[in-house]
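Trainee: Sequence unavailable; structure follows:
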């Protein structure tokens, strides 16, 4: 599966030839002919998007795998069958590295091959089987730490992981991660600054291994992060992986009771589906793709046909924001914008009428917490502002009157008074703050002139001002004030 021009695409397998389908809103539309015109193209095995095109690689046991390119309206084959060798029966994996498309093949005769496409021509970039013909399948690819990684299938000594820096390949794991029963690298994904590799192990159950990719090969920090088969040897392979809602999701092949999907938060795994999605014939979650707030999982089902299942992040909701106040002319570091349904790179805003303050440095810590910075101009309206979060898919939530903008140097107005005879007005100024405050008192007098008085009020204290000490006393408008 892949996402192209905002739509989800899925490739199928059929005896009459593979097909590619596109999801439009809630309906699926077939966008290719069966087998791209050749029934021996029995499976659309891999997909990738590069340079404004959707690419699909096929399985063809007769003339060799094919790679087809789609521009949104028409398909065109861009390789010769089998890259010139009918033994390259399957285009098993695809990835975009730099500005080029890479395709890994299955070849049981001479070993798997990796081919690079620059939009005009193809070049093989590895030695057949990476120098070992028992490396028969280049079954998974991922870009990590500015390198392309390719995983193989090897039933003799165990799967291998190879790193390509754009010039040459080097092996970065021990064969089979130390267990020859790990026959294949079935999937790869990048999560929390690590490369994760899923294996096929028909004896003990599929394994998930992690590395941070030290410079020297082979890497010394490979760590298994799951129990074999997630606790069941029947989960023989980790066939697909995707990062969704800040978690790594892994789909398995399970020979009894149906395939499972597991999610990992960097600490522990938990199963997120019912076995087989309720159908024991859904034996494998062969592919996963994320499109907006949705994770799609495609199954292998030889009885009733493949199925595609979806789980979604719910629309966002906001419960609170901390801190909930900010001064004019200041930058507020929001440590906890709390709620649910946050993902991706949401837009966070304060709204007051037609005025908008857009947050910067927005970071989704989890689906329930966002951090950001709010830079408040010095000339905006003080008072209550609405808080709004908009996810990348356009769904939004708003917390009405959730944030208060205040003037750090407020102005208070008092009722009118007079310093005429027989009157003796006083003003009491209280400072509840933790530091002293410089206060300017402006007397707007009845004759149209003003007088000012400056005082300092200590922290957590008050000061009383006798107005006649500044204005004096007389029976005229110059001694009336407000």
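Mentor: The structure has been received and is ready for your questions. What you see is a predicted model; the values in this text were computed from it and never measured.
Trainee: Report the strands that pair with the worst-scoring helix or strand of the chain on mean pLDDT, each with its relative direction.
Mentor: Considering only helices and strands, the least confidently modelled element of the chain by mean pLDDT, DSSP states H and E is strand 437-444, at a mean of 90. With DSSP bridges as the criterion, the sheet partners recorded for strand 437-444 are strand 450-457 (antiparallel).
Trainee: Residues contacting the partner strand, please?
Mentor: 429-431, 436-445, 463, 465, 470-471 (Cβ atoms under 8 Å, 6 or more residues apart in numbering). (C-beta placed from N, C-alpha, C; glycine too.)
Trainee: so after that strand, what's the next helix or strand?
Mentor: Using DSSP states H and E, the helix or strand that follows strand 450-457 in sequence is strand 461-466.
Trainee: count of residues packed around residue 230?
Mentor: The number of residues packed around residue 230, counting by other Cβ atoms under 10 Å, is 22.
Trainee: Please give me every residue in contact with it.
Mentor: Shown here is residue 230, whose contacts under the criterion Cβ under 8 Å, 6+ apart are 205-206, 252, 260, 262, 269, 271.
Trainee: For the residues you listed, which PyMOL command selects only the ones that are buried?
Mentor: Filtering the contacts of residue 230 down to the buried ones (16 or more other Cβ atoms under 10 Å) takes a single PyMOL command:
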select buried, resi 205+206+252+260+262+269
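Trainee: got the contacts of residue 230 as TSV, with pLDDT columns?
Mentor: TSV is the format used below for these (pLDDT from 0 to 100):
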residue	pLDDT
205	98
206	98
252	98
260	98
262	98
269	98
271	98
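Trainee: I'd like to know which of the contacts of residue 230 is nearest to residue 335.
Mentor: Within the contacts of residue 230, distances to residue 335 taken as Cβ to Cβ reach their minimum at residue 269, with 29.2 Å.
Trainee: Which residue is the nearest non-sequential neighbour of that closest one?
Mentor: Counting by Cβ to Cβ, 6 or more residues apart in numbering, residue 262 is the residue found nearest to residue 269 once chain neighbours are left out, at 5.0 Å.
Trainee: contacting residues around the one you found?
Mentor: Each residue near residue 262 by Cβ under 8 Å, 6+ apart is listed here: 226, 230, 249-250, 252, 269-272.
Trainee: Distance check, the residue positioned nearest the centre of the chain against residue 266.
Mentor: Centre of the chain computed as the mean C-alpha position; nearest residue by Cα atoms, centre = their mean is residue 344, 4.5 Å away. Noted for residue 344: a distance of 18 Å to residue 266, by Cβ to Cβ, to the nearest Å.
Trainee: any idea which helix or strand carries the residue nearest to residue 269?
Mentor: strand 261-264.
Trainee: And for residue 187?
Mentor: Assignment of secondary structure by DSSP H and E places residue 187 within strand 184-191.
Trainee: got the angle between the next helix or strand along the chain from that strand and strand 184-191?
Mentor: Where DSSP H and E defines the elements, the next helix or strand beyond strand 184-191 is strand 194-200. For strand 194-200 against strand 184-191, the angle between stretch directions is 160 degrees (axes from the mean of the first three to the mean of the last three Cα atoms, to 10 degrees).
Trainee: what's strand 194-200 packed up against?
Mentor: Packed against strand 194-200, as judged by 3 or more Cβ pairs under 8 Å, 6 or more residues apart in numbering; DSSP states H and E, are the following elements: strand 137-144, strand 147-153, strand 184-191, strand 208-211, strand 235-244, strand 247-254.
Trainee: for residue 35, helix, strand, or coil?
Mentor: helix (DSSP: H, G, I helix; E, B strand; the rest coil).
Trainee: picking that back up, just the residues contacting the strand holding residue 187, thanks.
Mentor: Contact partners of strand 184-191, identified using Cβ under 8 Å, 6+ apart, comprise 137, 139-144, 149, 151-154, 159-161, 195-200, 206, 237-243, 248, 250, 264, 266.
Trainee: Got a ChimeraX select line for the buried ones in the residues you listed?
Mentor: Restricted to buried positions by 16+ other Cβ under 10 Å, the ChimeraX selection for these reads:
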select :137,139,140,141,142,143,144,149,151,152,153,154,159,160,161,195,196,197,198,199,200,206,237,238,239,240,241,242,243,248,250,264
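Trainee: Now residue 304: closest residue in space, sequence neighbours ignored.
Mentor: residue 281 (6.4 Å).
Trainee: Could you do residue 64 as well?
Mentor: Nearest non-adjacent residue to residue 64 (Cβ to Cβ, 6+ apart): residue 82, at 1.8 Å.
Trainee: who's in contact with the one you found?
Mentor: Residue 82 sits next to 60, 63-65, 88-89, 105 when contact means Cβ under 8 Å, 6+ apart.
Trainee: If we use 7 Å, what do you get?
Mentor: Contact partners of residue 82, counting by Cβ atoms under 7 Å, 6 or more residues apart in numbering, are 63-65, 88.
Trainee: Repeat that for residue 331.
Mentor: When contacts are taken as Cβ under 7 Å, 6+ apart, residue 331 is in contact with 373-375.
Trainee: So what sits opposite residue 461 in the bridge?
Mentor: With DSSP bridges applied, residue 461 shows beta-bridge pairing to residue 431.
Trainee: Next, count neighbours for it.
Mentor: The local packing count at residue 461 equals 13, with neighbours defined by other Cβ under 10 Å.
Trainee: pretty sure it is touching residue 432, no?
Mentor: No: Residue 461 lies out of contact with residue 432 (Cβ atoms under 7 Å); the separation is 9.2 Å.
Trainee: so where's the stretch 151-300 of the chain shaky on pLDDT?
Mentor: Using pLDDT under 70 as the threshold, the predicted model of the stretch 151-300 of the chain has no low-confidence range.
Trainee: Kindly recompute the last result at 90.
Mentor: Applying pLDDT under 90 to the stretch 151-300 of the chain flags residues 214-217, 245-246, 255-256, 292-293.
Trainee: first vs last residue of stretch 189-196, how far apart are they?
Mentor: For stretch 189-196, the first and last residues are 5 Å from each other (Cα to Cα, to the nearest Å).
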